[in-house]
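>>> Show me the folded form of this:
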Amino acid sequence: MGLKLFRCRICGDPYLGSEPPSFCPFCGAPERYMQPAEEYVDRNTVPNLSAKSRENLEKALDLEVKNAAFYMCASNCAPDAFSQAMFKALSRTEAEHASLICKILKVPKPEIKPDDKACLKDPKANFAAAHEREQRAVAFYSQSAKEATEDRVIEVFSALTEVETYHIALSEAQR
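As a prediction, the model looks like this:
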């Protein structure tokens with residue numbers, strides 16, 4: 001089997017493999033969002049973005065930046081390799097979500113630094129905090145998808161709802 005190039009319809013990042021991955025390795029979107037690169041169309045320019053969608057995207061950007069910073073801190077202070085890796089992966093995924101939202105809003109991506117005040121030295125406490133953060137994200141993204149009128153914004157919020165739901169399952173397994 002030869003290598004093929006795939007792109008994620010959500011984040012746009014490329015993936016080389018003989019088959020599409022079960023989840024985008026960058027934003028975490030499920031396999032159905034992966035497509036052959038030659039079929040990919042960048043849909044991040046959303047003309048006439050409604051005020052409500054813009055407001056929800058701006059809130060989503062803030063949420064993703066804060067969650068990425070939390071996970072960076074949690075990774076840096078985790079006492080074991082497993083927790084470090086899990087929190088690092090979650091931080092990268094949340095940062096990718098922030099990048100995606102910036103593309104739609106046409107704003108520069110903010111610098112994300114560890115938020116040393118948001119996490120604790122205890123991985124169990126950080127997984128519990130992660131669980132709460134992801135539950136809030138799922139509720140917000142689900143509502144934002146319902147409030148959006150633009151196809152692309154609906155698609156993005158729907159995909160983020162799914163990804164963050166998977167993050168809840170990860171945090172539940174560690175609590």
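>>> Helices of the protein, residue ranges please.
Using DSSP state H, the helices assigned to the chain run over residues 51-77, 81-105, 123-147, 151-174.
>>> Tell me which of the ones you listed sits nearest to D115.
Nearest to D115 among the helices of the chain is helix 51-77; the distance by Cβ to Cβ comes to 3.8 Å. For glycine as for every other residue, the C-beta is placed from the backbone atoms N, C-alpha and C.
>>> relative to helix 123-147, how tilted is that closest one?
170 degrees (axes from the mean of the first three to the mean of the last three Cα atoms, to 10 degrees).
>>> Can you list the buried residues in helix 51-77?
Across helix 51-77, burial judged by 16 or more other Cβ atoms under 10 Å covers 53, 56-57, 60-61, 63-75, 77.
>>> How about stretch 21-39?
Here stretch 21-39 shows F23, C24, P25, F26, C27, G28, A29, P30, Y33, M34 as buried, counting by 16+ other Cβ under 10 Å.
>>> Any regions of the chain where pLDDT drops low?
Scanning the chain for pLDDT under 70 picks out 1, 175.
>>> before we move on, the earlier item: could I get the helices of the chain in JSON lines, plus columns for distance to P14?
What follows is those, written out as JSON lines (distance: least, Cβ to Cβ, whole Å):
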{"stretch": "helix 51-77", "distance to P14": "21"}
{"stretch": "helix 81-105", "distance to P14": "13"}
{"stretch": "helix 123-147", "distance to P14": "25"}
{"stretch": "helix 151-174", "distance to P14": "17"}
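>>> wait, which of those helices is closest to K117?
K117 lies closest, by Cβ to Cβ, to one member of these: helix 51-77, at 8.2 Å.
>>> Can you give the distance of that closest one from its chain's centre?
How far helix 51-77 lies from its chain's middle: 9 Å, per Cα atoms, centre = their mean, to the nearest Å.
>>> Now do that helix against helix 151-174, angle only.
Using the same axes, to 10 degrees, the direction of helix 51-77 lies 30 degrees away from that of helix 151-174.
>>> Quick check: A118 touching F70?
Yes - here A118 reaches F70: they are 4.4 Å apart, a contact under Cβ atoms under 8 Å.
>>> hey, what's in contact with both of the two?
With contacts defined as Cβ atoms under 8 Å, 6 or more residues apart in numbering, the residues shared by A118 and F70 are A129.
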